[in-house]
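**Student:** would you be able to build a 3D model of this:
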Amino acid sequence: MSKLSKHIKDLLTFDPFYGFVLLGLNTVENTSIRIAGVTCQNSQIVLIINPINFFALEYKKQLEILKHELLHLTHFHLILRDDYIDKYRFNVAADMVVNQHLNKALFDNGYFPEDYNLPPGESTNYYYYNLPEEIKDNTEHSWGDTLTSYEKMELMSSINEAITKAAGNVSQSIKNYVRDFKKPKPKINYKKYIRQFFSAHNRIKYKLTSRIENVYYPGEKAMTRVGQSKVLVFQDQSSSVSIKELKDFNNELWHLKKQYDVEAFSFDTEIGTKIEISRNGDYVIRTKQGGTNIACCIKAFENNRNVNSCIIFTDGYFSKVPTCQKKGLLFVICSTGTLNNVENQQTKIQIDASI
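**Tutor:** Below is the predicted model:
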């Protein structure tokens with residue numbers, strides 16, 4: 001039985017919200033931390049406690065410390081921490097936010113706004129930028145690994161589930177905070193996405209050959225690939241598309257050429273000359289920098305029966321066009337572009353410059 005069974009039972013009885021949040025956490029014992037903390041380990045949000053120091057405290061203080069750590073989760077401090085450079089300062093600001101929900105008499109070693117002549121009820125961001133310059137954090141928060149987009153979504157989901165289960169036993173301030181918290185957008189590796197897209201829309205055919213023996217099965221015929229699936233790529237070379245992203249995109253095409261017959265063309269209002277794809281993309285020269293007309297690219301793809309898939313790399317700044325009637329079209333929008341004009345298209349993705 002968990003050493004925190006009594007704590008969970010009492011919180012479920014008297015503070016159901018905290019009880020439900022604690023119920024969904026794994027608990028890890030670690031004597032290297034002072035008392036307790038929440039962190040991310042191996043893609044899981046865990047509560048870490050020092051069993052020696054934690055259980056030596058008065059039971060009421062133990063409950064208050066657990067609430068303190070759980071409040072860091074409900075205020076999404078594991079998500080917000082990545083937005084701040086000074087982690088010491090962020091720890092103090094985060095503690096000021098959560099400690100206002102606690103009994104100060106039982107949590108006398110924590111940071112509170114009034115200790116620095118700051119108003120109560122403000123955000124972590126407010127306290128971060130309004131703390132004295134000389135502030136030093138003496139608390140021992142080990143926030144652990146940076147959360148992935150999936151882990152952030154899972155954390156938000158678990159907090160919302162706890163609010164639902166706790167029914168009317170959640171303070172309005174916490175409800176409002178969770179409701180107003182901006183949901184982080186998942187980051188997608190567009191290069192990996194392109195590879196998966198190619199694989200889904202292009203079948204590689206193989207046949208048995210009588211000339212080559214199978215390396216793994218002596219005496220049996222080997223398999224050899226028959227031809228390559230053709231892929232069309234149209235590249236918008238407007239000045240709003242950075243040279244770096246053009247080079248990165250073309251470098252990815254170079255790797256894909258090992259499996260597919262990739263033909264790339266520049267375009268603006270019309271399709272330009274064929275682009276030679278090299279490994280490092282150093283050849284990139286803007287040859288088509290007029291207005292942008294996507295219709296010519298879509299028409300070329302629809303009329304080519306020998307092509308199963310097509311990628312249009314662009315900034316997205318053009319007039320809306322009818323939805324492509326042929327499956328296998330992917331729009332890749334540069335990081336500075338817009339998705340607004342391709343909303344009606346089947347598949348689109350925007351490059352995240354932070355990845």
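**Student:** can you pull out the helices in the stretch 1-150 of the chain?
**Tutor:** Assigned helices in the stretch 1-150 of the chain, in chain order: 5-14, 16-23, 51-54, 59-74, 77-80, 87-99, 124-130, 149-166 (criterion: DSSP state H, counting those that start in this stretch).
**Student:** can you tell which of these is closest to Lys247?
**Tutor:** For the helices of the stretch 1-150 of the chain, the distance to Lys247 is smallest for helix 149-166, at 25.8 Å, taking Cβ to Cβ. Any C-beta I mention is one placed from the backbone N, CA and C, and that applies to glycine too.
**Student:** ok so, going back, and the helices of the stretch 1-150 of the chain as TSV, adding mean pLDDT?
**Tutor:** Compiled in TSV, these are given as follows (pLDDT from 0 to 100):
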stretch	mean pLDDT
helix 5-14	87
helix 16-23	82
helix 51-54	92
helix 59-74	89
helix 77-80	80
helix 87-99	88
helix 124-130	88
helix 149-166	68
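**Student:** export these to a markdown table and tack on mean neighbour count and distance to Ala36?
**Tutor:** Formatted as a markdown table, the entries for the helices of the stretch 1-150 of the chain read as follows, by neighbours: other Cβ atoms under 10 Å; distance: least, Cβ to Cβ, whole Å:
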| stretch | mean neighbour count | distance to Ala36 |
| --- | --- | --- |
| helix 5-14 | 15 | 11 |
| helix 16-23 | 22 | 12 |
| helix 51-54 | 14 | 6 |
| helix 59-74 | 20 | 5 |
| helix 77-80 | 21 | 14 |
| helix 87-99 | 22 | 13 |
| helix 124-130 | 17 | 20 |
| helix 149-166 | 16 | 18 |
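**Student:** need those in CSV (columns: distance to Lys320).
**Tutor:** Listed next are the helices of the stretch 1-150 of the chain as CSV, based on distance: least, Cβ to Cβ, whole Å:
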stretch, distance to Lys320
helix 5-14, 54
helix 16-23, 46
helix 51-54, 60
helix 59-74, 42
helix 77-80, 35
helix 87-99, 43
helix 124-130, 38
helix 149-166, 29
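**Student:** between these, which one is nearest to Asp261?
**Tutor:** With Cβ to Cβ as the measure, helix 149-166 is the member of the helices of the stretch 1-150 of the chain nearest Asp261 (34.0 Å).
**Student:** quick one: closest of the helices of the stretch 1-150 of the chain to Lys348.
**Tutor:** Distances from Lys348 to each of these were compared using Cβ to Cβ; the minimum, 18.4 Å, belongs to helix 149-166.
**Student:** returning to what we had before: between the helices of the stretch 1-150 of the chain, which one is closest to Val241.
**Tutor:** Going by Cβ to Cβ, the one of those nearest Val241 is helix 149-166, 25.0 Å.
**Student:** ok now the helix or strand encompassing His255, how far from the chain's centre?
**Tutor:** For His255, the element it lies in under DSSP states H and E is helix 243-256. Between the mean C-alpha location of helix 243-256 and the chain-wide mean there is a distance of 22 Å, by Cα atoms, centre = their mean, to the nearest Å.
**Student:** pull the CA atoms of it into CSV?
**Tutor:** The C-alpha trace of helix 243-256 is given here as CSV (Å, rounded to 0.1, in the frame of the first residue of the first chain):
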residue,chain,number,x,y,z
ILE,A,243,16.9,30.8,-47.8
LYS,A,244,17.5,28.6,-44.8
GLU,A,245,14.1,26.9,-45.1
LEU,A,246,14.5,26.6,-48.8
LYS,A,247,17.8,24.8,-48.3
ASP,A,248,16.5,22.6,-45.5
PHE,A,249,13.5,21.6,-47.6
ASN,A,250,15.6,20.8,-50.6
ASN,A,251,18.1,18.8,-48.5
GLU,A,252,15.1,16.7,-47.4
LEU,A,253,14.1,16.2,-51.0
TRP,A,254,17.7,15.0,-51.7
HIS,A,255,17.3,12.2,-49.1
LEU,A,256,13.8,11.2,-50.5
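**Student:** mean confidence score for that helix?
**Tutor:** Summarised as a single mean, pLDDT over helix 243-256 is 77.
**Student:** and that helix, what does it pack against?
**Tutor:** Packing contacts for helix 243-256, counted by 3 or more Cβ pairs under 8 Å, 6 or more residues apart in numbering; DSSP states H and E, involve helix 190-201, strand 230-236, strand 261-267.
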